[in-house]
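1. sequence first, predicted model second:
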Amino acid sequence: MGTGDAFERFVAAVERPPEALPLDEAGLCIAAHADPALDVDGYLGRLDDLAAEIRTPTLDGLVRHLYSSGRFSGNSDDYYDPRNSFLNEVLDRRVGIPITLAVLGMEVGRRIGVPVWGVGLPGHFIVRDKVDPRVFIDPFHGGRQLTATGCRALHRATVGAGAPWDEAYLEPVGRPAIVTRMLANLRNIYERRADLDSLRWVMRLVCTLPDATDADRHLFARLMAPLN
């Protein structure tokens, strides 16, 4: 898939109604900007195959197959490797960051009728069971199950014991916000690396989102100015 096709397909995905936004397709189209040869449909098929392997279509079955088995795990050795943010690389390398591992679980769960929400804690990302919303899962740490109290402990461990807590952190986040956060992670990585070529395509995608700000658009314009 060429970059132009990936861009158009990404825009079409994020323009769908929020609850129907395909996180798998949007995530793979993001990755196709880093690797224009990426076969988006082929990797969507990989997700279909992964779902078909799950014999027990329950939350426990999903978590066991993906996370507690060690099949997919958090990359704590090289957390800021941009490949951790690309869904195809997560499928190939079997490591990722919290949000891509959560998206993997959400999209495989959707295929087998196991609905989970994404929950964006500050500095971390987990999922919440839609059937029993008291149950949270941490894909980055082996799919461990958490209560609300455990989520607060995870928050303290991630951002510091003195960080304020807000019960709103446990509320589900919409699919468009998940795409925004995925791109924000890449933006931060490429800004730290001063990788302007990669930052340009990230900001181009950011500017297509409904929640893009004037500051986002001004940054994209500044990045593109030397090429004009």
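-> Yes, it's here. Numbers count the residues shown, from 1 in each chain.
2. tell me the helices in the chain, going along the chain?
-> In order along the chain, the chain carries the following helices (DSSP state H): 3-14, 23-34, 40-52, 59-63, 87-93, 98-112, 148-159, 175-193, 196-206, 214-224.
3. out of those helices, which gets nearest to D132?
-> helix 59-63 (8.1 Å; Cβ to Cβ). For the C-beta atoms, the positions are set from N, CA and C on the backbone; glycine is no exception.
4. so which elements touch the closest one?
-> helix 98-112 (3 or more Cβ pairs under 8 Å, 6 or more residues apart in numbering; DSSP states H and E).
5. tell me the angle the helix it packs on makes with helix 40-52.
-> 70 degrees (axes from the mean of the first three to the mean of the last three Cα atoms, to 10 degrees).
6. so, low pLDDT: which residues of the protein?
-> 1-3, 228 (pLDDT under 70).
7. and the closest residue to R111 other than its chain neighbours, what does it touch?
-> Once flanking residues are discounted, R111 sits nearest to A51: 3.7 Å by Cβ to Cβ, 6 or more residues apart in numbering. Contact partners of A51, counting by Cβ atoms under 8 Å, 6 or more residues apart in numbering, are V108, R111, I112.
8. so R200 touches F220, yeah?
-> Yes - between R200 and F220 a contact is recorded at 7.5 Å, counting by Cβ atoms under 8 Å.
9. count of neighbours near D5?
-> 13 (other Cβ atoms under 10 Å).
10. look up how far S73 lies from it.
-> Per Cβ to Cβ, to the nearest Å, D5 is found 32 Å from S73.
11. in the sheet, who's paired with the closest residue in space to I178 that isn't next to it in sequence?
-> Leaving aside its sequence neighbours, I178 sits nearest to G118 (Cβ to Cβ, 6+ apart; 5.1 Å). G118 has these beta-bridge partners by DSSP bridges: V127, V173.
12. looks like D24 contacts G109 (just checking).
-> No - D24 lies out of contact with G109 (Cβ under 8 Å); the separation is 11.2 Å.
13. out of the contacts of A51, who has the most neighbours?
-> Highest neighbour count within the contacts of A51, by other Cβ under 10 Å: V108, with 23 neighbours.
14. now do the contacts for it.
-> Counting by Cβ under 8 Å, 6+ apart, V108 has contacts L47, L50, A51, I54, L62, L66.
15. hmm, the fifth one is touching I54, no?
-> Spelled out, it's L62. Yes - the pair L62 / I54 is scored as a contact, 6.3 Å apart, by Cβ under 8 Å.
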